[in-house]
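Engineer: Model the following, please.
(chains A and B, ligands or ions: 2)
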Amino acid sequence: MQMPEPDTRVLSRKAQIVARLRAVLPDDAVIEDPAETRAYECDALTAYRCPPLCAVLPASTEEVSAVLTICHEEGVPVVPRGSGTSLAGGALPTADSVILGVARMNEVLETDYANRFIRVQTGRTNLSVSGAVEEEEFFYAPDPSSQLACAIAGNIAMNSGGAHCLKYGVTTNNLLGVTMVLMDGTVIELGGAHLDAGGLDLLGVVCGSEGQLGVVTEATLRILRKPEGARPVLMGFGSNEVAGECVSDIIKAGVLPVAIEFMDRPCIEACEAFAHAGYPDCEALLIVEVEGSEAEIAEQLGLILQIARRHDPVELREAQDADEAARIWLGRKSAFGAMGQINDYMCLDGTIPVSALPLVLRRIGEMSAEFGLGVANVFHAGDGNMHPLILFDANKPGDLELCERFGAEILKLCVEVGGCLTGEHGVGIEKRDLMTVQYGAADLEVQMAVKDVFDPEWLLNPAKVFPLDVSAARRVVAAE
Amino acid sequence: MRPETEAELAETIKAASGPLRLRGGGTRAVGRSTGEVLETGGLSGIVLYEPGALTLVARAGTPLAEIEAALEAEGQRLPFEPMDHRGLLGTTGAPTVGGMAAANASGPRRVQAGACRDYMLGVRFVDGAGQILRNGGRVMKNVTGYDLVKLMAGSWGTLGVLTEVAFKVLPKPEAVASVLLDGLTQEAAPDAMARALGSPFDISGAAHLPEGPEGTPLTLLRVEGFAESVAYRAERLRDLFAGSAVRIETDPKRNAALWRDIRDVAPFHTRAGDVWRISCKPSDGPELAARLGAEATLFDWGGGLIWALLPEGSDARARLGTFGGHATRVRGEGESPVFQPEPAPVAALSRGLRARFDPRGVLNPGLMA
Ligand SMILES: Cc1cc2nc3c(=O)[nH]c(=O)nc-3n(C[C@H](O)[C@H](O)[C@H](O)COP(=O)(O)OP(=O)(O)OC[C@H]3O[C@@H](n4cnc5c(N)ncnc54)[C@H](O)[C@@H]3O)c2cc1C
Ligand SMILES: Cc1cc2nc3c(=O)[nH]c(=O)nc-3n(C[C@H](O)[C@H](O)[C@H](O)COP(=O)(O)OP(=O)(O)OC[C@H]3O[C@@H](n4cnc5c(N)ncnc54)[C@H](O)[C@@H]3O)c2cc1C
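Structural biologist: Numbers count the residues shown, from 1 in each chain, chains lettered A, B, ... in the order given. Ligands and ions are numbered 1, 2, ... in the order given. Next comes the predicted model:
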């Protein structure tokens, strides 16, 4: 992975820069010891690493502003960081950059049940936001699988989603406002506890901008009352095509499940061997979950099972109790761990129109044979967000590169059929160079123009999202 | 000017030597936009509709009525319930997809389902330099690059002329019921609506009319879904408000009329005066309404959206003072800005974006400024 050369002017002034940061932060909030900065060398895309100039852990919006003001004056790039669970290298540092971690900013600032929102510092983890309102039977809807670890900061930057976003939407649909610090240290508020934007929807463009427009320090999030209940059903089918048709028929019938998860045979077998969830022997498996009152669950499941029966299911299993429900989910939830047990794998994240599902799965199968690498598919079928897991041997020279080439081909296929390169993990550095597959030069130019407005010197989270050659001219100008 | 294709539109904008006033259906002449009229009606038609994938793509000049008819045939709908402004503003014409998206028009269901912007998956547009651009796509989840779809939603044609919009649509529910609470005061209503919205009964509309159809205060709570579930939830809500005067309306036609009137602010249609739209924290509603001293008000979105009728020329913002949210003058002339002025650093960002997207300042100059 190519990264820009570090700015030697910054490197040579390290001592001065660190001293200035120390002057505005508590002692233990500035980390420059190479042994300690190691923790910040990469995010969950561990294949790429680089020690930063230093890392800072401010505890308030004011401290973040003070840090950014200094970095702006010194011309130092800044890489914002939540929990470092990005799978796209979104929080990968450069040698001349300061990592700005918000992990110490994890307070709940306000809970308001009457107006159904919670205001938190953005270092707070996703799951602990729901935890803070659980007693009153409320929850925060976006539920990435990494929710135990990932921070609201990273969720906002990546516009993260989860299994339940078919019904509840992703982060952008549940984010009401932010306090954000611009690269020059200016603190702004966007949105708030009201529902819509006054002027241009700047909040909408900040969400998903991968830490390149500003550092979010506080967030106002929509919270929802928990439904009375929820129940999953497991369905096995004889082919991927039939399972895909069943998904489409369920949606057409007017049922809106909270989740529709799809697993193909390689994935089913791996999960079964790992978790012993009692999954049937079949080509494709769907887990469909509905929620509501008992009457509503019964009515929806009745309709779903009726539709499923028309597709000759190998098995239909409605959870009779909490135990059985947990077992149905167990296999799916351990998919990534299960695959990791049997092989090294690369997890892709592309989306496709649901109608293209059979075609895409067939093509992936064919390509798998061509490249000689196995693939297991598990994904959020309701919204076409695929996670093909390409299996390879990390110890075998050349296998990783082969795997990357195969992955790129799959993502290009996603775009070809009308989908996109990433549905929830983000572009980061991982998919940076594929951006030209989805967007034309002018489309990328106008996105970069947005960055020009928020961060004219291009100091925030450098070398992410845009291919290096596409952003080269801007980075040169900014460096002068 | 009325281009027939996207390419022609791009040429028209490139060639423009002065300001352009964009017009879809022209059903709503809000704000101060000047210049030669550029109509989008020539860019019409549904490009793609996949009911099984909940996706519809349409050209910007397509009349909303055409979209609604196509969706209706498949038992689907635009969940955000876009308002029809003709009654309130006394305009004629046919509202278009582009105008709706440019206004981020969202009705009562916004509290549950989200706004127009939440259902916009992708856009094509022509910027002020005449470049044809696109962002987003037609899939439910997409985090490939910056989300300019949201930026275009509600930008009132100041950043570009939309030529095509991809939407997520949803199934139309089988049944609807409204739980009607009679006689609540303006002070008590937001609290009652908050209780309902904070219940597990999935409320898809919560509004309060200080003067309902019978001339007395009426608070309305809507539930939608499968028939049995709707009946169940309506009963639970009745229990929640035991002790108050509660009725349940289940007639589909009467329900449609009730919520259409709220959506379109029907009580103000025949009354003179300026109309302001205030977006706020729901529990602030009564206090803000008191400060406004309006001739009439209507609370939607559980109290988070206040429609206020004020004497001509009144400056609602002066009356409101500082508050969390914003006020827009939807009807009426006057000195005060139509859109809420922004704090300086935010205004600088908005200005910066506008200068990048429309360097010559030809698109709806004066609007949103
Ligand atoms: C096992 C596993 C499962 C996962 N499952 C999912 C899933 O189901 N759905 C999903 O969407 N993702 C998933 N992810 C990806 C990842 O968890 C998300 O992208 C998450 O939102 C990242 O949050 P973070 O706090 O760890 O961010 P980080 O990794 O620290 O940073 C991510 C991005 O956010 C930026 N950023 C961080 N803090 C700020 C800030 N304060 N202001 C501005 N920008 C900031 C960074 O610069 C970077 O670009 C998974 C990851 C793992 C490891
Ligand atoms: C202050 C205000 C608040 C409003 N709030 C709501 C609301 O909450 N809910 C609601 O349902 N409706 C709202 N509307 C009304 C909404 O604008 C109309 O319901 C309808 O969507 C307009 O359709 P039209 O085609 O007639 O648009 P027009 O009246 O022709 O245009 C509407 C606006 O969009 C611009 N425009 C039109 N077509 C395009 C295009 N293709 N690309 C870019 N810009 C374009 C126009 O220049 C104009 O500024 C509001 C209007 C105003 C003025």
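Engineer: quick one, what contacts B:Asp251?
Structural biologist: Not one residue lies near B:Asp251 by Cβ atoms under 8 Å, 6 or more residues apart in numbering or on different chains. Every C-beta, even on glycine, is put in place using the N, C-alpha and C of the backbone.
Engineer: pLDDT at the closest residue to ligand 1 within the stretch 351-480 of chain A, what is it?
Structural biologist: The nearest approach of the stretch 351-480 of chain A to ligand 1 comes at A:Glu424, 3.3 Å away (Cβ to the nearest ligand atom). Confidence at A:Glu424, expressed as pLDDT, is 93.
Engineer: The nearest residue in space to B:Ser229 that is not next to it in sequence: what's it in contact with?
Structural biologist: Among residues not flanking B:Ser229 along the chain, A:Glu296 sits closest, at 3.8 Å (Cβ to Cβ, 6 or more residues apart in numbering or on different chains). Applying Cβ under 8 Å, 6+ apart to A:Glu296 gives the contacts A:Val290, B:Gly225, B:Phe226, B:Glu228, B:Ser229, B:Tyr232.
Engineer: Would you mind checking these for buried ones?
Structural biologist: For the contacts of A:Glu296, a burial check counting by 16 or more other Cβ atoms under 10 Å in any protein chain shown picks out A:Val290, B:Gly225, B:Phe226, B:Ser229, B:Tyr232.
Engineer: Return the residues in contact with the third one.
Structural biologist: If I follow you right, that is B:Phe226. B:Phe226 touches A:Glu296, A:Glu299, A:Gln300, B:Pro173, B:Glu174, B:Ala175, counting by Cβ under 8 Å, 6+ apart.
Engineer: redo that, cut-off 7 Å
Structural biologist: B:Phe226 is in contact with A:Glu296, A:Glu299, A:Gln300, B:Glu174, B:Ala175, counting by Cβ atoms under 7 Å, 6 or more residues apart in numbering or on different chains.
Engineer: ok so, going back, give me the three-state assignment for the residue nearest to B:Ser229.
Structural biologist: helix (DSSP: H, G, I helix; E, B strand; the rest coil).
Engineer: From the recorded domain assignment, give the ranges for chain A.
Structural biologist: A:8-101, A:229-336, A:343-424 (automatic domain parsing).
Engineer: looking at these, which is closest to B:Arg238?
Structural biologist: Across the domains of chain A, B:Arg238 has its closest neighbour in domain A:229-336 (14.6 Å, Cβ to Cβ).
Engineer: Just the mean pLDDT for the closest one, thanks.
Structural biologist: Domain A:229-336 comes out at a mean pLDDT of 90.
Engineer: Could you verify that B:Val57 is part of a strand?
Structural biologist: Yes: the assignment for B:Val57 (three-state DSSP) places it in a strand.
Engineer: beta partners for it?
Structural biologist: B:Leu48, B:Ala166 (DSSP bridges).
Engineer: Tell me the strands beside the helix or strand encompassing B:Val330, with direction?
Structural biologist: Element membership of B:Val330, judged by DSSP states H and E, is strand B:325-331. Sheet pairing for strand B:325-331, assigned by DSSP bridges, gives strand B:274-280 (antiparallel).
Engineer: sorry, back to before: just the ones of the buried ones among the contacts of A:Glu296 in strands?
Structural biologist: A:Val290, B:Gly225 (DSSP state E).
Engineer: Could you look up the SS state of B:Leu22?
Structural biologist: Per three-state DSSP, B:Leu22 ends up strand.
Engineer: what sits against it?
Structural biologist: B:Leu38, B:Thr40, B:Gly157, B:Val161, B:Leu363, B:Asn364.
Engineer: The residue nearest to the fifth one when sequence neighbours are not counted and B:Ala16, how far apart?
Structural biologist: What it means is B:Leu363. Nearest residue to B:Leu363 in three dimensions, chain neighbours excluded: B:Gly128, at 4.9 Å (Cβ to Cβ, 6+ apart). Look at B:Gly128 and B:Ala16: by Cβ to Cβ, to the nearest Å, they are 9 Å apart.
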